[in-house]
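# take this sequence and fold it.
(chains A and B)
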Amino acid sequence: GQNIDQPTEMTATEGAIVQINCTYQTSGFNGLFWYQQHAGEAPTFLSYNVLDGLEEKGRFSSFLSRSKGYSYLLLKELQMKDSASYLCAVRPASGGSYIPTFGRGTSLIVHP
Amino acid sequence: DSGVTQTPKHLITATGQRVTLRCSPRSGDLSVYWYQQSLDQGLQFLIQYYNGEERAKGNILERFSAQQFPDLHSELNLSSLELGDSALYFCASSNNPGPLSGNTIYFGEGSWLTVV
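Model prediction:
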């Protein structure tokens, strides 16, 4: 099975940079997703990492280290609208179904 | 807009009742997933269908069942409802359920179920 750990809540200031960490333990690994979810709304896709390293996409970047079972989502130039929950999800390599398992999410509060 | 459509958006029903949630996947997506999200449990995988057949099962109760029809829409049936079943139920879809990179899962807006 998978075990995914993220901080429950983080706060940051508008315009700043924040890093949301995700550690995981899995019997097999086939990729890691980051999703953003505003309260009561659908999770929306942010990034998908399969290989080690940093992938940048506008203000958001995602990093993966498979050997350490570690990923982070980096949000730059924070805006108020970035206040949301950020979900880390790991796709296993075993079982044939490749169903991502989601962490509990990190609630990010951006204040002025 | 992800292209995944769910109905109804909100539903209030009594304990012991049965409800059906409906999902239309994105155009071209063959795989449908159902997730349950409650405050204390996070996003929990229930079941997956691919091209009409059950592909994977997660933490789905025996009181719950689902199916995917030939037109690829899916329904999640929840019966003998209990207060603890109150949650946000998401449907999601993807093109290929395999291990290909970039095989993103897209979520619908969810169906809010309140059991009273």
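
# from residue B:47, how far out is the residue positioned nearest the centre of chain B?
Central residue of chain B (Cα atoms, centre = their mean): residue B:34, 2.7 Å from the mean position. The spacing between residue B:34 and residue B:47, counted by Cβ to Cβ, to the nearest Å, is 5 Å. C-beta here means a position set from N, CA and C on the backbone, and glycine is covered the same way.

# mutual contacts of those two, please.
Residues touching both residue B:34 and residue B:47 by Cβ atoms under 8 Å, 6 or more residues apart in numbering or on different chains: B:60, B:66, B:76.

# grab the CA positions of the one helix or strand the last one maps to and hand them over as PDB.
Under the criterion DSSP states H and E, the helix or strand holding residue B:76 is strand B:74-78. Provided in PDB are the C-alpha atoms of strand B:74-78 (Å, rounded to 0.1, in the frame of the first residue of the first chain):
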ATOM      1  CA  SER B  74     -21.400   6.000 -15.000                       C
ATOM      2  CA  GLU B  75     -23.700   5.800 -12.000                       C
ATOM      3  CA  LEU B  76     -22.900   5.300  -8.400                       C
ATOM      4  CA  ASN B  77     -25.700   3.800  -6.300                       C
ATOM      5  CA  LEU B  78     -25.700   4.300  -2.600                       C
END
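
# parallel or antiparallel, list what pairs with the longest strand along chain A.
The single longest strand within chain A, with elements called by DSSP state E, is strand A:18-26. Sheet pairing of strand A:18-26 (DSSP bridges) gives strand A:2-5 (antiparallel), strand A:70-75 (antiparallel).

# now those in JSON lines, with mean pLDDT and mean neighbour count?
What follows is the strands paired with strand A:18-26, written out as JSON lines (pLDDT from 0 to 100; neighbours: other Cβ atoms under 10 Å in any protein chain shown):
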{"stretch": "strand A:2-5", "mean pLDDT": "86", "mean neighbour count": "16"}
{"stretch": "strand A:70-75", "mean pLDDT": "97", "mean neighbour count": "20"}
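
# and those as CSV, adding distance to residue B:22?
As requested, the strands paired with strand A:18-26 are exported to CSV (distance: least, Cβ to Cβ, whole Å):
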stretch, distance to residue B:22
strand A:2-5, 30
strand A:70-75, 33
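
# any idea what the residue in chain B positioned nearest to chain A is bridged to?
Of all residues in chain B, residue B:56 sits closest to chain A, at 3.4 Å by Cβ to the nearest Cβ. Residue B:56 forms beta bridges with residue B:48, as assigned by DSSP bridges.

# and for it, the neighbour number?
Applying other Cβ atoms under 10 Å in any protein chain shown, we find 18 residues neighbouring residue B:56.

# try the one 4 residues further on
Burial measure for residue B:60: 16 neighbouring residues, criterion other Cβ under 10 Å.

# again with residue A:25
12.

# I figured it hits residue A:68, correct?
No. Look at residue A:25 against residue A:68 with Cβ atoms under 8 Å: they stay out of range, at 11.0 Å.

# before we move on, the earlier item: the next helix or strand after the strand holding residue B:76 and chain A in contact?
Later in the chain than strand B:74-78, the nearest helix or strand by DSSP H and E is strand B:87-94. Yes. Strand B:87-94 reaches chain A (Cβ under 8 Å from any Cβ of the partner chain) through B:88, B:90.

# I'd like the average pLDDT over the following helix or strand past strand B:87-94.
For strand B:87-94, the following helix or strand on the C-terminal side (DSSP H and E) is strand B:106-107. The pLDDT scores in strand B:106-107 average 94.

# that's all I had, so thanks and see you.
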